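Enquirer: Mind folding the following:
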Amino acid sequence: MSNEAATATTAAEAAPAPEPIPHGIGVSLPAADARAKTEGTFPYAADLWAEGLLWAAVLRSPHAHARIVSIDTTHAREMPGVRAVVTHEDVPGRPVHGRGRADRPVFASEVVRHHGEPIAAVAADHPDTARMAAAAVIVEYEILDPVTDPEQAFEAEPLHPDGNLVRHIPLQHGDPSVTGEIVVEGQYRIGRQDPAPIGAEAGLAVPRPDGGVELYLASTDPHTDRDTAAACYGLEPERVKVVVTGVPGATADREDQGFQLPLGLLALKTGCPVKLTATREESFLGHVHRHPTLLRYRHHADAEGKLVKVEAQILLDAGAYADTSSEALAAAVGFACGPYVVPNAFIEGWAVRTNNPPSGHVRGEGAMQVCAAYEAQMDKLAKKLGVDPAELRLRNVLATGDVLPTGQTVTCPAPVAELLQAVRDFPLPALPKDTPEDEWLLPGGPEGAGEPGAIRRGVGYGLGMVHMLGAEGADEVSTATVRVQDGVATVLCAAVETGQGFTTLARQIVQETLGIDEVHVAPVDTDQPPAGAGARGRHTWVSGGAVERAAKMVRTQLLQPLAHKFGMSTELLQITDGKITSYDGVLSTTVTEAMDGKELWATAQCRPHPTEPLDETGQGDAFVGMAFCAIRAVVDVDIELGSVRVVELALAQDVGRILNPAQLEARIEAGVTQGVGIALTENLRSARGLIRHPDLTGYALPTALDAPDIRIVKLVEERDVVAPFGAKAASAVPVVTSPAAVASAVRAATGRPVNRLPIRPQAAVVTDR
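Expert: A predicted model of the protein is given here:
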């Protein structure tokens, strides 16, 4: 052997063993699909293809409210390349659908109730042919006056057979005769935020030999979508299969059923695969948006600033159909007083139908709108009392054991005071005058037209809360299977990965429980048992809990023979880094050796404790759990132009337990940025019910330049004992809280009331300075 070879061998022998890759709960395990998404090879629905593919297009109403006199599809059917045209007459099963309530037609038949409502759909051999054929469908309309003001909906003629009122909740808590020494009032309006997913809606429908159909969709609730499709197609649920493709962003319900249902109808009618890829305009017109909301508040307090009573009226614009407006209203009314102790509360909440674009589930629905209003009221109260806004809030904050206005006792950790103190005491960012001019931005961006002398800095606070999982008796159950063979674990669970990190969490759970490094999560389809919708942290809690239980059952199967052999309980054995050891060191083996070629598997369910509907006075234990957040916003405002720059958002959040630090930080930062959009730019405007500029030019999403410095000051890990792992939902509560904090800071900078979101420039202009 040469000296060089000997030296190399010695060096190799002396080299330390590589550090094991961290895994399990509490580490920042990267997402399994991160590389594919970064390289652009991850398959989304818009990328799918099938032999003999046809293309679909949907004809949508150009009117917000009209009576359909006639529909003539003759010209469309006669166009070369057109294979099928479907209208309401071609729906063989139930003609209506809806997330919360089935009140929305698959295709409008007699009346159009909102701009963009589907009238007909076409399948053709080329996408351009399909669009031209859809445009060739002749519809004769009798245009009707639209009802676009939700306050007018109470007196207007019914827009729907079910009437204009979706739900009314008259919450009553305490003594209505009580009054406070200090009273402040306000009226507030919240605009229509669009979820604006990165990828617009798309899907593929493939007919099956048994007369059924398979739908390839970016669904966030595949079993509900399957059942809805089966009912509309007149098929048994077993003959409709939903296969979940990659989800290109989901801060709301994805694929709107109005996109899915025409696909399957066309595939069944033609006997061919049919694909639909929505344009951005169709996406804006078709899916649901955040509820525009009108809020009126009156706060009563004593001379020390302690809240005595809150009175409020909350009016949600549901748009043309009910969708999930009932659930959004329950959250709005239930959290109308915020994370504060309020002994007396009287809240009237309504959700009504109008001819505006449809509203539905968007992250933090209901809670976000009321947070903006009650935090504005706290600012008004602090100003009237001459008290520091943070100090006033601290005098009133909620804690574990306190009672909500719904009569529900807060049993989960509620460290609201700790969160607020953390952001209040965090050092403020440097003022522009303390930094070189080229290192700070004027409001309006690097080329902003403002003058430094017109800039005013403001500091404001927001406290927010959300509920986790479904509410009011929703059956939140999820099922998961864990299978282990040849040292590889596979998780089967119909929980859809929407960007919230469930697939990563499932891998971490199995790694920690079974000590197996290689863990795969199977693709989701409706052949698996249901896991429910991906919203309000339910997959972290319920689906993660199901995975943990199944993994623990497999762990017992793995350890039981060893425990029996050595005469000890399985509780005395532990699995660490792929090795099984006993408490006394007598037993030491690897997981692979213990498996001995066997296949182990187990299926488990997780179901949280039940809730109950709110009664006729708004009382009841309606929520499984709650999460809280405090944000301090620092803004610079050009008081001549009304432009606003968010300099910094300091955040403290109640997270229960950190399961994946990097993932948690990303979720929080995304939620905060979405909230900045609500506060400053995002509002899907309409005129007489017609959406103006349904594109990403007219709809102003925050860009990287608009994103502020986000300082995560404190993450409070006080575990919720009823939640698996003790973790809480992470991304919704920053969305709820950050708009209120930004508005509070603009009030502090300008002295203006700021009672509308997004904040318009004229609301931040100061003329009497």
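
Enquirer: Now do the helices in the stretch 601-750 of the chain.
Expert: Per DSSP state H, counting those that start in this stretch, the stretch 601-750 of the chain carries helices over the ranges 661-680, 732-750.

Enquirer: just the stretch 301-450 of the chain next, same as before
Expert: Ranges of helices in the stretch 301-450 of the chain, per DSSP H, counting those that start in this stretch, are 325-334, 367-385, 389-394, 416-425.

Enquirer: between the helices of the stretch 601-750 of the chain, which one is nearest to Q421?
Expert: Among those, the nearest to Q421 by Cβ to Cβ is helix 732-750 (15.4 Å). C-betas here are computed from N, CA, C, even on glycine.

Enquirer: chain center to whichever helix or strand comes after that closest one, what's the gap?
Expert: Sequence-wise, the next helix or strand downstream of helix 732-750 (DSSP states H and E) is strand 756-757. Centroid displacement of strand 756-757 relative to its chain, using Cα atoms, centre = their mean, to the nearest Å, is 21 Å.

Enquirer: Where does pLDDT dip in the protein?
Expert: Within the chain, the segments meeting pLDDT under 70 span 1-22, 252-255, 432-440, 444-450, 769.

Enquirer: Which neighbouring elements make contact with the longest helix anywhere in it?
Expert: In the chain, ranked by residue count with DSSP state H as the criterion, the top helix is helix 544-566. With contacts taken as 3 or more Cβ pairs under 8 Å, 6 or more residues apart in numbering; DSSP states H and E, helix 544-566 sits against strand 478-485, strand 488-493, helix 502-514, strand 573-576, strand 579-582, helix 591-595, strand 600-606.

Enquirer: picking that back up, between the helices of the stretch 601-750 of the chain, which one is closest to D527.
Expert: Closest of these to D527 is helix 661-680, at 28.3 Å (criterion: Cβ to Cβ).

Enquirer: now the helix or strand hosting V459, how far from the chain's geometric center?
Expert: In the assignment (DSSP H and E), V459 maps to strand 455-471. On the basis of Cα atoms, centre = their mean, strand 455-471 sits 16 Å off its chain's mean C-alpha point.

Enquirer: quick one on the thing from earlier: can you lay out the helices of the stretch 301-450 of the chain as TSV showing mean neighbour count and distance to R60?
Expert: Formatted as TSV, the helices of the stretch 301-450 of the chain follow (neighbours: other Cβ atoms under 10 Å; distance: least, Cβ to Cβ, whole Å):
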stretch	mean neighbour count	distance to R60
helix 325-334	27	22
helix 367-385	25	28
helix 389-394	20	46
helix 416-425	21	45
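
Enquirer: could I get these as a markdown table with distance to R298?
Expert: Converted to a markdown table, these look like this (distance: least, Cβ to Cβ, whole Å):
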| stretch | distance to R298 |
| --- | --- |
| helix 325-334 | 16 |
| helix 367-385 | 8 |
| helix 389-394 | 17 |
| helix 416-425 | 23 |
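
Enquirer: one step back: CSV for the helices and strands packed on helix 544-566, including distance to V646?
Expert: As requested, the helices and strands packed on helix 544-566 are arranged in CSV below (distance: least, Cβ to Cβ, whole Å):
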stretch, distance to V646
strand 478-485, 37
strand 488-493, 38
helix 502-514, 30
strand 573-576, 45
strand 579-582, 50
helix 591-595, 50
strand 600-606, 39
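
Enquirer: which one of the ones you listed lies closest to S738?
Expert: In terms of Cβ to Cβ, the element of the helices and strands packed on helix 544-566 nearest to S738 is helix 502-514, at 24.0 Å.
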